[in-house]
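*Asks:* Any chance you could fold what I've pasted below:
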Amino acid sequence: METKVISLIADTLEVDKDKITSDTNLIQDLEVESLDLVDLVAAFEEQFNIEIPDKDIKNLQTVGDIIAYAEAHQR
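*Replies:* I've put the predicted structure just below:
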């Protein structure tokens, strides 16, 4: 799961995946802006067949948060 999430982030944000770990903070480390976040959420929803409500997005601050969320909500 971690490899899939990191690859998806790297591809969506056009960032070197070697710079991404489970501790990477989306805003502080990758400088993700609101439009980038919308693209990421859409990519995660499609890739993992999950729906991420707006209220949950603010809790997804690190790559590890995203991995845990995807594992818990994947159908």
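*Asks:* which residues are contacting the lengthiest helix in the chain?
*Replies:* Counting by DSSP state H, the longest helix found in the chain is helix 34-48. With Cβ atoms under 8 Å, 6 or more residues apart in numbering as the test, helix 34-48 has contacts from 4-5, 8-9, 11-13, 26, 32, 50-52, 57, 66, 70, 73-74. C-beta: built from backbone N, CA, C; applies to glycine.
*Asks:* filter those residues to the buried ones?
*Replies:* Among these, the ones that count as buried by 16 or more other Cβ atoms under 10 Å are 5, 8-9, 12-13, 26, 32, 50, 52, 66, 70.
*Asks:* Quick test: name the residue nearest the centre of this structure.
*Replies:* Residue closest to the average C-alpha location in the chain (Cα atoms, centre = their mean): residue 66, at 5.0 Å.
*Asks:* Hey, what's the angle from the strand or helix carrying it to helix 34-48? Just curious.
*Replies:* Counting by DSSP states H and E, the element that carries residue 66 is helix 63-73. Angle between the axes of helix 63-73 and helix 34-48 is 40 degrees (criterion: axes from the mean of the first three to the mean of the last three Cα atoms, to 10 degrees).
*Asks:* For helix 63-73, name the packing helices and strands.
*Replies:* With contacts taken as 3 or more Cβ pairs under 8 Å, 6 or more residues apart in numbering; DSSP states H and E, helix 63-73 sits against helix 2-13, helix 34-48.
*Asks:* Dump the C-alpha coordinates for the shortest one into PDB.
*Replies:* In other words, helix 2-13. Output of helix 2-13 as PDB, limited to C-alpha atoms (Å, rounded to 0.1, in the frame of the first residue of the first chain):
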ATOM      1  CA  GLU A   2       2.800   2.400   0.900                       C
ATOM      2  CA  THR A   3       4.500   2.000  -2.500                       C
ATOM      3  CA  LYS A   4       1.200   2.600  -4.300                       C
ATOM      4  CA  VAL A   5       0.400   5.800  -2.300                       C
ATOM      5  CA  ILE A   6       4.000   7.200  -2.800                       C
ATOM      6  CA  SER A   7       3.900   6.500  -6.500                       C
ATOM      7  CA  LEU A   8       0.500   8.100  -6.800                       C
ATOM      8  CA  ILE A   9       1.700  11.200  -5.000                       C
ATOM      9  CA  ALA A  10       4.900  11.400  -7.000                       C
ATOM     10  CA  ASP A  11       3.000  11.000 -10.300                       C
ATOM     11  CA  THR A  12       0.200  13.500  -9.400                       C
ATOM     12  CA  LEU A  13       2.500  16.200  -8.000                       C
END
